[in-house]
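> could you work out the structure for the sequence below:
(4 chains)
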4 protein chains.
Amino acid sequence: MEAFSDGVFAIAITLLILEISIPETAFEDLWSGIAHQWPSYLAYVTSFLTIGGIWAAHHGIFRRLAYANQRLMLLNLLLLMAVAFLPFPTKVMAEAIHDEGAARTSVIFYGGTLLVISLLLSALWGSVALDRHVLRPDVSDDEVRAIALATTPSIGLYAVMIVLAVFAPRVAIFGYLVVAIIALFRMRGDSIPARAPTST
Amino acid sequence: MEAFSDGVFAIAITLLILEISIPETAFEDLWSGIAHQWPSYLAYVTSFLTIGGIWAAHHGIFRRLAYANQRLMLLNLLLLMAVAFLPFPTKVMAEAIHDEGAARTSVIFYGGTLLVISLLLSALWGSVALDRHVLRPDVSDDEVRAIALATTPSIGLYAVMIVLAVFAPRVAIFGYLVVAIIALFRMRGDSIPARAPTST
Amino acid sequence: MEAFSDGVFAIAITLLILEISIPETAFEDLWSGIAHQWPSYLAYVTSFLTIGGIWAAHHGIFRRLAYANQRLMLLNLLLLMAVAFLPFPTKVMAEAIHDEGAARTSVIFYGGTLLVISLLLSALWGSVALDRHVLRPDVSDDEVRAIALATTPSIGLYAVMIVLAVFAPRVAIFGYLVVAIIALFRMRGDSIPARAPTST
Amino acid sequence: MEAFSDGVFAIAITLLILEISIPETAFEDLWSGIAHQWPSYLAYVTSFLTIGGIWAAHHGIFRRLAYANQRLMLLNLLLLMAVAFLPFPTKVMAEAIHDEGAARTSVIFYGGTLLVISLLLSALWGSVALDRHVLRPDVSDDEVRAIALATTPSIGLYAVMIVLAVFAPRVAIFGYLVVAIIALFRMRGDSIPARAPTST
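Predicted structure coming up:
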């Protein structure tokens, strides 16, 4: 299940670039044509770092599991479905940002997708916490609580950003990026094995 | 073989989103433009959950195998070919749903692909049941029968849905979604190891 | 190295479907529009089964290796480059088949790519045979010779098909499909482990 | 972390082909139409071999790691973000090469991306060298120095090529290809295990 999920994360994160292109009409002044695509780069970086953080959190959950039950499998599939959906609002936001009216809608739509992803990630860990026997026996109560605390704040931050998007959509985009960076820095990386644990 | 198959499932499931886009003309009223794509979302969710269920069933078969013979390899390749084909009828159905005449055809074409996938999955397990020495020695007769029973009903349900599609194509689409959800819930998830069994 | 190669094979095989689509103008008579795409389906099936066979042969080589030297790594990268290139001539052939003049060229171009892939696969195994210490100690001389014999005939068959394509391009397409099927049936599947050999 | 990174490399390398296509207007003289796409093939080969070399270097780093800390995880994510970005400048360069004015810009933009990738790869290894306890205990000081020396020269070569691109953009493209080939040949392949080290 983890290999399959990793594949979906890796593909969703790499497909993001396919949506960016420069019209041939911009070739006369290509530097300005490249620069003009800044909303695409911003959306690319934000979605890339967000999925990267979700992947790391997902990995942190799965390497603590001994078994997966049906509820976990279904929640995991819903999470993957939301993550694989993200390239779509990413593309819409990158295209709509130059349009006064559409910008607000696209930024709220994008933030709503991020909020759903965060909720599903929390639900995944909540389901584990409710059904402790799926965890490996060496996982402590403190760890369970620490992970729950680490996944919760993004939900609140995304809700705030969506409200902000109603008034200042362009500011909210940078907000999403900041939330992704905060989530990455909050992660404790020290305990991540670099490879599959074959030597243990 | 399983890693390769998992890769194909993960890619086919993630490519589905690439086909969805919003024309720039819809940017004037973007909420309505986003809502107008509902057939694409419905097709996306249906194909995603269907492939997710097929993957889980496939995984359930492969982790009971000790070896793969040539017949299994060929059937598996045919199954992957049908699964990797699914994004095409998915896209056709999502585009044709607003068109009275084309809707019926596209829904039957989509259902036909799902039926072929189900038949190949059953054939894969049937081939295993005929040639028991490819199974791991700890797999019981009861398990073999239970898996055969779990994969069979979808065939009948898809046949019914295709007939329904002739008369009420839009109802049949929801039918495909329901079949996918039933297949996911019928699965016994408790015995799915969360990771590759390196610690055993 | 094998996981990375498997990824490239799985992605190249799954991307093939992205190139197939039905123009909206064909929605008036969608069955005929779907049927009209037969060159795309034929090209899809041929490329899918060809890559499937190449993957199986590649897997047969790599699970007999103990180490990879630099020459192997470079040959493997060239092989992957040719395999990842295949979706391009596949698309060109599917589009050009209805055009009298372009059909011949596109079928020769496609066959040339298949010939290059076969040559690289043979070179890969030839390089292993020259440098036997990269093999696992339990691989016998007979096995080395058997694999060399199994990969050679495709080269001759593809050369014949390319000559045939000059005179009868549409016949040659079916020829490519037959070569792919022959290659799949020539494979001895019995010894393929279904999963990564973690329990040994 | 390595499996996820391998996935991103494999996908980025395989997506490159999606950007190449032949306009239907070129079907009248298809050989010349195929030949006319030479900038796309050159860009494809260059990016493929470059990512192949980066993957091999990345693999060389990760199989020497025992653990990954947060800094490594973040640098790795930035490296993957730059690698997954490469298909975009590859496409721009392939399209702009026939345009006198845009060619120079596109070649510098492409080279700049390669330079950033090289810098991030060096930073990744530099971070490991600063924090030796993340390495497996059997990695010697000589190895650490040898890898640092192996990743450094590409940075200088790319800087030179970018300056060259200002004066002779088409020569610089071949320069990028040469740098990629040099990097591949500089690699010591003998110690690369062909498969995941499950038997040790």
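
> briefly note if stretch A:88-96 comes near chain C.
No - applying Cβ under 8 Å from any Cβ of the partner chain, one finds stretch A:88-96 out of contact with chain C, separated by at least 15.7 Å. C-beta: built from backbone N, CA, C; applies to glycine.

> and the strands in chain A?
Secondary structure of chain A, counting by DSSP state E: strands at A:67-68, A:192-193.

> by mean pLDDT, show me the worst of the ones you listed.
Lowest mean pLDDT of the strands of chain A: strand A:192-193, a mean of 50.

> and the most far-flung residue of chain A relative to its centre, what is it in contact with?
What lies farthest from the middle of chain A is residue A:28; by Cα atoms, centre = their mean that is 36.5 Å. The contact partners of residue A:28, by Cβ atoms under 8 Å, 6 or more residues apart in numbering or on different chains, come to D:101-102.

> distance check, it against residue B:172.
Plainly put, residue A:28 is 51 Å away from residue B:172 if you go by Cβ to Cβ, to the nearest Å.

> can I assume residue A:165 is in contact with residue A:104?
Yes - here residue A:165 lies in contact with residue A:104, judged by Cβ atoms under 8 Å, at a distance of 6.6 Å.

> where in chain A is the helix or strand with the lowest mean pLDDT?
The weakest-scoring helix or strand in chain A, judged by mean pLDDT, DSSP states H and E, is strand A:192-193 (a mean of 50).

> now do the buried residues in stretch A:136-150.
A:139, A:144, A:147, A:150 (16 or more other Cβ atoms under 10 Å in any protein chain shown).

> let me redo that: stretch A:168-186
By 16+ other Cβ under 10 Å, the buried positions in stretch A:168-186 come out as A:169, A:172-173, A:175-177, A:179-181, A:183-184.

> how near is the residue lying closest to residue A:99 once chain neighbours are set aside to chain D?
Spatial nearest neighbour of residue A:99, excluding adjacent residues (Cβ to Cβ, 6 or more residues apart in numbering or on different chains): residue B:27 at 5.1 Å. According to Cβ to the nearest Cβ, to the nearest Å, residue B:27 and chain D sit 23 Å apart.

> for residue B:27, give me its contacts.
A:95-96, A:99, A:101-102, B:33.

> how does it look with 10 Å?
For residue B:27, the contact set (Cβ atoms under 10 Å, 6 or more residues apart in numbering or on different chains) comprises A:92, A:95-96, A:98-99, A:101-103, A:105-106, B:33.

> and the residues you listed, which two are furthest apart?
Greatest spacing in the contacts of residue B:27, by Cβ to Cβ: A:98 and B:33 (15.8 Å).

> looking at the two, which is more packed in?
residue B:33 (20 against 11; other Cβ atoms under 10 Å in any protein chain shown).

> surely the more buried one and residue B:20 touch.
No - with contacts counted by Cβ atoms under 10 Å, residue B:33 stays clear of residue B:20, the gap being 11.9 Å.

> would you map the helices across chain A?
A:2-15, A:30-36, A:38-62, A:70-85, A:87-96, A:100-130, A:141-151, A:153-167, A:169-186 (DSSP state H).

> Serialize those to TSV and add fields for mean pLDDT and distance to chain B.
TSV is the format used below for those (pLDDT from 0 to 100; distance: least, Cβ to the nearest Cβ, whole Å):
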stretch	mean pLDDT	distance to chain B
helix A:2-15	90	3
helix A:30-36	90	16
helix A:38-62	92	6
helix A:70-85	93	3
helix A:87-96	92	5
helix A:100-130	91	4
helix A:141-151	78	15
helix A:153-167	91	13
helix A:169-186	91	12
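
> can I get those helices in CSV with distance to residue D:68?
CSV is the format used below for the helices of chain A (distance: least, Cβ to Cβ, whole Å):
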stretch, distance to residue D:68
helix A:2-15, 15
helix A:30-36, 34
helix A:38-62, 10
helix A:70-85, 22
helix A:87-96, 27
helix A:100-130, 21
helix A:141-151, 17
helix A:153-167, 22
helix A:169-186, 13
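
> nearest to residue B:3, of the ones you listed?
helix A:2-15 (6.9 Å).

> ok now the closest one, how far from the chain's centre?
Distance, stretch centre to chain centre, for helix A:2-15: 12 Å (Cα atoms, centre = their mean, to the nearest Å).

> what about residue A:135, distance to residue A:63?
11 Å.

> for residue A:165, that is, sorry about that
Separation of residue A:165 from residue A:63 (Cβ to Cβ): 35 Å.

> next: residue A:56.
Distance check for residue A:56 against residue A:63: by Cβ to Cβ, it reads 11 Å.

> quick one, which of those two is more surrounded?
residue A:56 (21 against 17).

> would you confirm that the more buried one contacts residue A:180?
No - using Cβ under 10 Å, residue A:56 is not in contact with residue A:180; the gap is 11.2 Å.

> for residue A:51, which non-adjacent residue is closest in space?
With Cβ to Cβ, 6+ apart as the criterion, residue A:51 has its nearest non-adjacent residue at 4.7 Å, and that residue is residue A:13.
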